[in-house]
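Peer 1: Structure here, sequence nowhere to be found:
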C-alpha cells in the first residue's frame, strides 16, 4: 500500500496495516442491512445509529431552552456544548469557540461572506476556483456588486488539476481571500491544501476551504493545514443534516457578527448563529467522534497515536481497494473516460469517481441500476461551472460513483456486474 497523505496532503507512513473490519463498521449503520447498495454517498452518507439515539435522547430528556438556572436547562446546555467540543477535537481546533454549527455548508459560507464583506474595500480581490461546489463560489462572486474584484483559478482541462503556478500568477497585493475546495465533488482529487495555505499566506491573504468532499474520507486537522476557514457537511460524515464552519479565533473575533445587534462581538461562535444551532443535532455530534475513536480501538491500533488519525488510516487503505476494484473495470472499457485523476492511489484521490461514456448520455446509465437496488447518480452536482468549462453539460454532466468506508468490494462487484451490460 502506498503511503497515505497527512491532513496537509503530504505522504505519511501508515501507523498500522490491519484491514478494516467491515462487519464492525456496518453494524453501526442500520440502513445498510437492507437490499440497497448506496453509491451516492457524496450527496449524503448513511447515518450512524448512535447519532439517532443521541437525537432521541436529547428530545426526550432535555428538550428545553438553554441557559436557564433549572436542572434540565443546565443539562441541555451541557449537551449542546459537548457537541461543539467533540467537533473541535475531531478537527483539532484550538478552541471549541472556533466551531460554528449551522444548517448547511451553503448557508454557513453565505453567512461568512456577508460578515467578511464589511472588511473589504472596492478594488480588493478574491480568488475562487471553477472546481468548487457553488456553495464556495456564489457567496464570493456576489461581492462584485460592492466593487470587489473576483478572479478565477481554473482547472487545467487536460490534467484536471488546479495548478499552484496558476494560483501564484493570480495572487496580488490586493488579494484578500482565496476560496478553494479540498476535494472536488466531481474530480475526487485531493488538493494540497497546506501548500496552498502557505502560498496564500505568503501573499498576506486568507484561505477559505470547502472540505465537504474530503471530510468523510480523510482526517481534517485544521491546525496542521493552517487554514483560516474550513467547512463541511456533517450529514456527509455519517451525522445529521447540519454543517460545521471552523475559523481561527482571532479572525472570528475581528469579523462583524451575523446575530442580533445586542450580541457582543466577543461572543463566538454565537454571534454567527442567529437562533442558535439545532440543539438535538448538535448533541448528536458527540456520537460521530466516538465512532471514529471506537473504530481505532476495535482494530487495536497504537495506544500512543491519535485515534482519529488511526481510524482514517484504516479508511484510506480500504478506500484504495475500492478505487482499484472499480477503476480496473472502468479502464477495461475503451469508451469510458475518467474525469479526474486516473489513478486508484488513495494518496491522490478519495473514492468519488466520475466518468463519461462515449456514445451515451450520462443520464442514460443510472436508471439501468435502479432496478437492481444500486444507487448512483449523474449530473453536475452543483459544480456547474466545472462541468460547463470541461464541455460536459451537453452530455448531461458525469456519472458519479461515490463510495465510503462502509462500502464493500462485494458491492463494487455488484455494480460492475450491472455496468457490464450498459457500458
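Peer 2: Noted; the coordinates are in hand. Since the structure is predicted, the reported quantities are computational estimates derived from the model, not experimental observations.
Peer 1: drop to CA atoms for contacts and neighbour counts, all remaining ones
Peer 2: Fine.
Peer 1: quick one, what contacts residue 412?
Peer 2: 322, 325, 326 (Cα atoms under 8 Å, 6 or more residues apart in numbering).
Peer 1: how does it look with 7 Å?
Peer 2: residue 326 (Cα atoms under 7 Å, 6 or more residues apart in numbering).
Peer 1: Give me the pLDDT value at it.
Peer 2: Per-residue confidence (pLDDT) for residue 412: 98.
Peer 1: likewise residue 302?
Peer 2: pLDDT, residue 302: 73.
Peer 1: what's the burial count for it?
Peer 2: By the criterion of other Cα atoms under 10 Å, residue 302 has 13 neighbours.
Peer 1: Ok, residue 123 next?
Peer 2: Neighbour count of residue 123, defined by other Cα under 10 Å: 14.
Peer 1: got it, and residue 35?
Peer 2: With other Cα under 10 Å as criterion, residue 35 counts 10.
Peer 1: And for the one 4 residues further on?
Peer 2: In terms of burial, residue 39 registers 23 neighbours under the definition other Cα under 10 Å.
Peer 1: wait, isn't it in contact with residue 402?
Peer 2: Yes - between residue 39 and residue 402 there is a contact under Cα atoms under 7 Å: 5.1 Å.
Peer 1: Which helix or which strand is home to the residue positioned nearest the centre of the chain?
Peer 2: Computing the C-alpha centroid of the chain and ranking residues by Cα atoms, centre = their mean puts residue 212 first, at 1.8 Å. Assigning secondary structure by DSSP states H and E places residue 212 outside every helix and strand.
Peer 1: does it really touch residue 233, like I thought?
Peer 2: Yes - using Cα under 7 Å, residue 212 makes contact with residue 233 at a distance of 5.6 Å.
Peer 1: rewinding a little: now do the SS call for the residue nearest to the residue nearest to the centre of the chain when sequence neighbours are not counted.
Peer 2: Spatial nearest neighbour of residue 212, excluding adjacent residues (Cα to Cα, 6 or more residues apart in numbering): residue 232 at 4.1 Å. Three-state assignment for residue 232 (DSSP: H, G, I helix; E, B strand; the rest coil): strand.
Peer 1: any idea how far residue 41 is from residue 232?
Peer 2: 14 Å (Cα to Cα, to the nearest Å).
Peer 1: Okay, helices next: where are they in the stretch 151-300 of the chain?
Peer 2: Ranges of helices in the stretch 151-300 of the chain, per DSSP state H, counting those that start in this stretch, are 164-170, 193-202, 222-225, 249-254, 279-284, 286-298.
Peer 1: what sits against the residue nearest to the centre of the chain?
Peer 2: Taking Cα under 7 Å, 6+ apart, one finds 231, 232, 233 in contact with residue 212.
Peer 1: show me what contacts the second one?
Peer 2: Contact partners of residue 232, counting by Cα under 7 Å, 6+ apart, are 105, 210, 211, 212, 215, 243, 244, 245.
Peer 1: Tell me which of the residues you listed fall in strands.
Peer 2: Applying DSSP state E to those, the entries found in strands are 210, 243, 244, 245.
Peer 1: Low-confidence ranges, the stretch 251-400 of the chain, go.
Peer 2: 301 (pLDDT under 70).
Peer 1: residue ranges of the strands in it, please?
Peer 2: Secondary structure of the stretch 251-400 of the chain (DSSP state E, counting those that start in this stretch): strands located at 336-338, 352-357, 374-375, 377-379, 398-402.
Peer 1: Other residues contacting the second one?
Peer 2: Think strand 352-357. 186-188, 335-339, 362, 398-403.
Peer 1: which one of the residues you listed sits closest to residue 116?
Peer 2: residue 186 (27.9 Å; Cα to Cα).
Peer 1: State the distance from the closest one to residue 169.
Peer 2: Taken as Cα to Cα, the span from residue 186 to residue 169 is 25 Å.
Peer 1: out of these two, which sits in the more crowded spot?
Peer 2: Using other Cα under 10 Å, the more surrounded residue of residue 186 and residue 169 is residue 186, with 30 against 9.
Peer 1: what's the nearest residue to that one if we skip its chain neighbours?
Peer 2: Closest residue in space to residue 186, ignoring its immediate chain neighbours: residue 354 at 6.1 Å, by Cα to Cα, 6+ apart.
Peer 1: How about stretch 28-44, which residues are buried there?
Peer 2: The neighbour-count check on stretch 28-44 (16 or more other Cα atoms under 10 Å) flags 28, 29, 31, 32, 37, 38, 39, 40, 41, 42, 43, 44 as buried.
Peer 1: can you tell me which helix in the chain is longest?
Peer 2: helix 307-331 (DSSP state H).
Peer 1: which strands and helices sit next to it?
Peer 2: Packing contacts for helix 307-331, counted by 3 or more Cα pairs under 7 Å, 6 or more residues apart in numbering; DSSP states H and E, involve helix 286-298.
Peer 1: between the helix it packs on and helix 307-331, how big is the angle?
Peer 2: Orientation check (axes from the mean of the first three to the mean of the last three Cα atoms, to 10 degrees): helix 286-298 against helix 307-331 gives 80 degrees.
Peer 1: Packing partners of helix 286-298?
Peer 2: helix 49-61, helix 71-90, helix 307-331.
Peer 1: Which of the ones you listed has the highest mean neighbour count?
Peer 2: Ranked by mean neighbour count, these are led by helix 307-331 with a mean of 22 (mean count of other Cα atoms under 10 Å).
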